[in-house]
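Novice: sharing a model that was predicted from the sequence below.
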Amino acid sequence: MEIQVRDARLTDIDRVTGLLGRADAQWTPARVDEAADVLRQMIYLPNATVMVALEGRMLVAAAVLAIRPSVAAGGLIGTVDLVAVEPGDELDDVLQALLRDLIRTARNKGCVALESELPADSDALLRWESAGFTTAGALVRCPLVRAAAPTC
């Protein structure tokens, strides 16, 4: 089945927070409730994008892109603040589709780079690297400079 990635809607937030609770044990019920409130606000912020990936009608992944200015980087930096993928499925295509749309969205919003925390395991790191990210200390980073051919 084809993966569709789109901006989250207010009606998606309950499914996103349910996914958080399943995707990572660090998301206790109290943290999930707090996250729901923040995600609802982020949907309306111009410097943030909440994205979801759907397989058919099932929400299988979510991500948050936050944008901040950086004088040192020479423009806006996109930060992947959150990535949650449904556990127990072979979802390499889902993560790749989500990363592709995060890169496209960050580039369209004028970011010069997109970065995220270093993935926890080597398999996840390989997936990020195949999308065009490189390791930069405790981060993975993808340059998005429009003047040159993009690397991802």
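Specialist: Right, received. Where do you want to start? Source: prediction; values computed, not measured. Residues are numbered from 1 along each chain as shown.
Novice: just the buried residues of stretch 132-142, please?
Specialist: For stretch 132-142, a neighbour-count test (16 or more other C-beta atoms under 10 Å) marks 132-133, 140-142 as buried. (Each C-beta comes from the backbone N, C-alpha and C, glycine too.)
Novice: quick check: Val64 touching Gly78?
Specialist: No. In this structure Val64 lies outside contact range of Gly78 using C-beta atoms under 8 Å: 10.5 Å.
Novice: ends of stretch 133-140, what's the gap?
Specialist: End-to-end distance for stretch 133-140, by C-alpha to C-alpha, to the nearest Å: 6 Å.
Novice: can you name the next helix or strand after the lowest-mean-pLDDT helix or strand in the chain?
Specialist: For the chain, using mean pLDDT, DSSP states H and E, the weakest element among its helices and strands is helix 122-130, scoring a mean of 88. Sequence-wise, the next helix or strand downstream of helix 122-130 (DSSP states H and E) is strand 134-136.
Novice: what sits up against that next one?
Specialist: Identification of contacts with strand 134-136 by C-beta atoms under 8 Å, 6 or more residues apart in numbering yields 115, 118, 125, 129, 140-142.
Novice: where in this protein is pLDDT low?
Specialist: In the predicted model, the chain carries pLDDT under 70 at residues 1, 88-92, 146-152.
Novice: let's go with 80 and repeat that
Specialist: 1, 88-92, 145-152 (pLDDT under 80).
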